[in-house]
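Asker: quick one, what's the 3D model for this:
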Amino acid sequence: MQVIVVGAGVLGVSVARQLAAGGEDVLLLDQSGVGTGTTATTFAWTNSSRKHDPDYHRLNLAGMAEHARLAERLRGAQAYFPSGALQWADTSNEQWLADNVERLRSRNYPAHWVTLDEARRISGGLRIPADITSVAHFPSEGYVLPELFVRNLLTDAEQHGATYALGKVMAIDDSPHGVSVTLAAGEVLTGDRVVLAAGRWTERLAAQAGIDVPMITDTGLGSQTVGLLGYARSPELDLRCVIHSPGLNLRPGGDGHTVLQALDLNADVDPADPPSADGDLATTLARRFSALLASRRRTPEIDLRVGFRSLPADGHTISGYASEQSRVYCLVSHSGITLAPILGRLVAAEITNDQEQDLLRPFRPTRFIGARRRDIEVEQRATTLGEQ
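Answerer: Numbers count the residues shown, from 1 in each chain. Here you go, the predicted structure:
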């Protein structure tokens, strides 16, 4: 079977790897380079902490478990770290955290309270502000180094025979006789199946094939899709896990860097006028980060990166064919980092064997048929926890 995978982000590369490992003829296409879209600007926290929908929670739990299994087999430098996560609360959010811990415990999700001294040890010595009243530990969570993870997946896919190429897809034709992809250069590629894993470009490309994949696509000032990450170099910091604190989320970023995220600042990010390294947003991030460092001899320098989340309109993963007759498999998720390994395996199984996977049944694009946009679109702006 010839399969064209459109989009070389973490989801597309994961599916391409699994298909190639199963013996399929795979061409992986991307318009700008592997892992350069949403994957390059993700907080990359593996979790199922805020997935209230039971089906979505189960899928994310499976994604976390699949990360551990994949890490034992995938070659290359370590890119997945089951570090656990800490969530700190002060009086402004302690009830929210208590309710979340209780809810997760009711689902047998590992969560327990730790003392401030235990939190310092687990975190690697961060300074915990005096106004922190409680700390919860989630030992099954972790993080990924996205660029390294995608490179490892691509290397493995190519070793199994997949071909990777640059090419901007302009149109997809889905017909009873086959499926074709038209590139910007005019070349038309044909195959037996297309996997559309183009992140925030998925809705536009799906529409070219007459497929409705409702997504939140606004990228202006204040949009839900816009996110800001900071990359701070702090050699003296031995950060060991993901941290969610009031005002700032952190994770290790590799090469002595710490990845910073302050969700309340996203509303002030204008992609048309990106924040500068010496502007107000960078200064605010640096101040909040410095407050958590045991040694505050100097203000850390922070590089900023503006990203755009891939947001299905109802907040849940989209995974499946557009119809029973379609040869286009649509795949997009806001939880791409957590779900990439499990979606890669399950989607490849559905394409190769035509066997429906139970975990994916609730997430078909066909759920949108006949639905009004205003009835399915939900607010997905987070203010408390890290977002992928």
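Asker: use CA for all of it now, contacts and neighbours both
Answerer: Fine.
Asker: quick one: low-confidence parts of the stretch 151-300 of the chain?
Answerer: 235, 296-297 (pLDDT under 70).
Asker: can you show me the strands along it?
Answerer: 163-166, 169-175, 178-183, 188-191, 193-196, 215-216, 226-233, 242-245, 248-254, 257-261 (DSSP state E, counting those that start in this stretch).
Asker: got the angle for the last one vs strand 248-254?
Answerer: What that stands for is strand 257-261. With axes from the mean of the first three to the mean of the last three CA atoms, to 10 degrees defining the directions, strand 257-261 sits at 150 degrees from strand 248-254.
Asker: just use 22 as the starting number from now, easier for me
Answerer: With 22 as the first residue, the last one maps to strand 278-282.
Asker: now the angle from strand 278-282 to strand 247-254?
Answerer: Using the same axes, to 10 degrees: strand 278-282 against strand 247-254 is 150 degrees.
Asker: can you put the strands of the stretch 172-321 of the chain in JSON lines and add mean neighbour count and distance to residue 343?
Answerer: Converted to JSON lines, these look like this (neighbours: other CA atoms under 10 Å; distance: least, CA to CA, whole Å):
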{"stretch": "strand 184-187", "mean neighbour count": "16", "distance to residue 343": "25"}
{"stretch": "strand 190-196", "mean neighbour count": "19", "distance to residue 343": "10"}
{"stretch": "strand 199-204", "mean neighbour count": "19", "distance to residue 343": "13"}
{"stretch": "strand 209-212", "mean neighbour count": "15", "distance to residue 343": "17"}
{"stretch": "strand 214-217", "mean neighbour count": "26", "distance to residue 343": "11"}
{"stretch": "strand 236-237", "mean neighbour count": "22", "distance to residue 343": "15"}
{"stretch": "strand 247-254", "mean neighbour count": "24", "distance to residue 343": "27"}
{"stretch": "strand 263-266", "mean neighbour count": "25", "distance to residue 343": "37"}
{"stretch": "strand 269-275", "mean neighbour count": "22", "distance to residue 343": "37"}
{"stretch": "strand 278-282", "mean neighbour count": "23", "distance to residue 343": "35"}
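Asker: pLDDT averaged over stretch 67-82 - what is it?
Answerer: Mean pLDDT, computed over stretch 67-82, is 96.
Asker: quick one on the thing from earlier: can you tell which of the strands of the stretch 172-321 of the chain is closest to residue 391?
Answerer: strand 236-237 (15.5 Å; CA to CA).
Asker: please, which helix or strand holds residue 99?
Answerer: Remark: residue 99 resides in no helix or strand, with elements defined by DSSP states H and E.
Asker: list the contacts of it.
Answerer: Going by CA atoms under 8 Å, 6 or more residues apart in numbering, residue 99 touches residue 92.
Asker: related to what we said a few turns ago, which of the strands of the stretch 172-321 of the chain sits closest to residue 364?
Answerer: The nearest among these, by CA to CA, is strand 214-217 at 12.1 Å.
Asker: name the helices or strands packed onto that closest one?
Answerer: Secondary-structure packing of strand 214-217 (3 or more CA pairs under 8 Å, 6 or more residues apart in numbering; DSSP states H and E): strand 23-27, strand 199-204, strand 349-353.
Asker: next one: that strand to chain centre, how far?
Answerer: Centre-to-centre, strand 214-217 and its host chain are 20 Å apart (CA atoms, centre = their mean, to the nearest Å).
Asker: ok, stretch 322-329 next?
Answerer: 16 Å.
Asker: ok, residues contacting that stretch?
Answerer: Against stretch 322-329 from outside (CA under 8 Å, 6+ apart): 59, 61-63, 221, 240, 246-254, 290, 292, 295-298, 303, 306-307.
Asker: what distance do you get for residue 344 to residue 213?
Answerer: 15 Å (CA to CA, to the nearest Å).
Asker: now the helices and strands packed on strand 214-217 as CSV including distance to residue 383?
Answerer: Putting the helices and strands packed on strand 214-217 into CSV (distance: least, CA to CA, whole Å) gives the following:
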stretch, distance to residue 383
strand 23-27, 22
strand 199-204, 25
strand 349-353, 13
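Asker: and these: which comes nearest residue 125?
Answerer: Of the helices and strands packed on strand 214-217, nearest to residue 125 by CA to CA is strand 349-353, at 25.5 Å.
Asker: partner strands of that closest one, with direction?
Answerer: strand 214-217 (parallel), strand 339-342 (antiparallel) (DSSP bridges).
Asker: for it, what is the average pLDDT?
Answerer: 97.
Asker: if we go by neighbour counts, what in it is buried?
Answerer: 349, 350, 351, 352, 353 (16 or more other CA atoms under 10 Å).
Asker: so how many other residues sit close to residue 126?
Answerer: Neighbour count of residue 126, defined by other CA atoms under 10 Å: 13.
Asker: what does residue 385 give?
Answerer: 18.
Asker: that one contacts residue 341, doesn't it?
Answerer: Yes. Between residue 385 and residue 341 there is a contact under CA atoms under 8 Å: 4.9 Å.
Asker: contacts only, for the residue nearest to residue 58 when sequence neighbours are not counted.
Answerer: Excluding the flanking residues, the one nearest residue 58 by CA to CA, 6 or more residues apart in numbering is residue 30, at 6.6 Å. Contacts for residue 30 (CA under 8 Å, 6+ apart) come out as 55, 56, 57, 58, 59, 60, 171, 218, 219, 220.
Asker: want to throw those residues into a markdown table with distance to residue 201?
Answerer: Shown next, in a markdown table, are the contacts of residue 30 (distance: CA to CA, whole Å):
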| residue | distance to residue 201 |
| --- | --- |
| 55 | 22 |
| 56 | 24 |
| 57 | 24 |
| 58 | 23 |
| 59 | 25 |
| 60 | 26 |
| 171 | 26 |
| 218 | 15 |
| 219 | 16 |
| 220 | 19 |
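Asker: right, I'll call it a day here.
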